[in-house]
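[1] Here's my sequence, what's the structure:
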Amino acid sequence: MTPRQVFLGTLVVLATLLGVFLFYRLISVIVLLILAIIFASAISPAVLKLNRRLPLAASIVVVYVSLILIGLGIIGIVIPPLVQEFQKLVKNGPQLLGEIQNRLAGVQRDLHLPQQFQIPNLENYLTQFLNQAPTFAAGVLHVALGFVAGIAGITIVLVFAFYWLLERERIKDMWVGLVPLPRREEVHEMIDDIELRLGGYVRGQMTVAVTVAIMAYIGLLILQIPFP
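    The predicted model follows:
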């Protein structure tokens, strides 16, 4: 190999290592950016519909505010009964454990299980769990910190998505401009198709999730299952 080839090969290796290092350092930002693009694709139809009457930035803000109000409304509907039912569950815990213990003993008698199949003492498990409450406090703190980090991540995603929707056409034209001229229209249509299908998939998944949640809740109410 000539010195020139060795020099170029070394540059390629160093550039590759630098690219891998930067990717590793920026992986969290890249993930948030991808999530922002997915979110922007999901709300894009609503934004474009509002954009017929409002400026683009105002349309995005209206959609954001609507989603935040819907989220707060869902939290307001779900949290109070959730807290009440949890309090009832804690209050009726010993009684429920006793009923479960008796049913397990009845199953053991009905199936004529040998004595070595011991029914677990659920009250002892509950007592041990409560005795370890200080240990779980650290876990609760970890969850709380994770919740704060999640809120920060959601905020970053919303900011990224806002700028993506605002500058989408310019960014797309910039990247498409790197493609040879005969293929630009094809790439342009491909990007639009990807965004359309991606947004439709996300909206479909959300619709399915909400529908299943509502139907499950109604089913539990009909069957009179405690703590639906």
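[2] okay, Gln116: pLDDT?
    In this model, Gln116 is scored at 51, pLDDT.
[3] just how off-centre is the lengthiest helix in the chain within its chain?
    Here the longest helix in the chain is taken by residue count, with DSSP state H as the criterion, and it is helix 133-176. Relative to the centre of its chain, helix 133-176 is centred 10 Å away, using C-alpha atoms, centre = their mean, to the nearest Å.
[4] Determine the set of other helices and strands touching the helix or strand just after that helix.
    Following helix 133-176 in sequence order, the next helix or strand is helix 184-222 (DSSP states H and E). Packed against helix 184-222 by the contact rule (3 or more C-beta pairs under 8 Å, 6 or more residues apart in numbering; DSSP states H and E) you find helix 27-50, helix 133-176. Where you see a C-beta, it was placed from the backbone N, CA and C, and this is true even at glycine.
[5] Mind listing what's buried along helix 184-222?
    By neighbour count on 16 or more other C-beta atoms under 10 Å, the buried set for helix 184-222 is 195, 198-199.
[6] Now Val179. Its backbone dihedrals?
    phi -90, psi 150 (degrees, to the nearest 10).
[7] now it: how far from Arg197?
    20 Å (C-beta to C-beta, to the nearest Å).
[8] Then Lys91?
    50 Å.
[9] do the same with Leu54
    26 Å.
[10] quick one: least confident helix or strand in the chain?
    helix 122-131 (a mean of 59; mean pLDDT, DSSP states H and E).
[11] what's stretch 12-32 in contact with?
    Contacts with stretch 12-32, where a contact means C-beta atoms under 8 Å, 6 or more residues apart in numbering, come from 153, 156-157, 160.
[12] ugh, wrong one, I meant stretch 144-155
    Leu32.
[13] and what of stretch 213-224?
    Outside stretch 213-224, the residues that reach it (C-beta under 8 Å, 6+ apart) are Pro228.
[14] Can I get that stretch in CSV? Just the C-alpha atoms.
    Output of stretch 213-224 as CSV, limited to C-alpha atoms (Å, rounded to 0.1, in the frame of the first residue of the first chain):
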residue,chain,number,x,y,z
ALA,A,213,-60.0,0.2,27.6
ILE,A,214,-63.6,1.4,27.4
MET,A,215,-65.0,-2.0,26.5
ALA,A,216,-63.0,-3.7,29.3
TYR,A,217,-64.3,-1.2,31.8
ILE,A,218,-67.9,-1.6,30.7
GLY,A,219,-67.5,-5.4,30.8
LEU,A,220,-66.2,-5.3,34.4
LEU,A,221,-69.1,-3.0,35.4
ILE,A,222,-71.6,-5.4,33.8
LEU,A,223,-70.0,-8.4,35.6
GLN,A,224,-69.9,-6.4,38.8
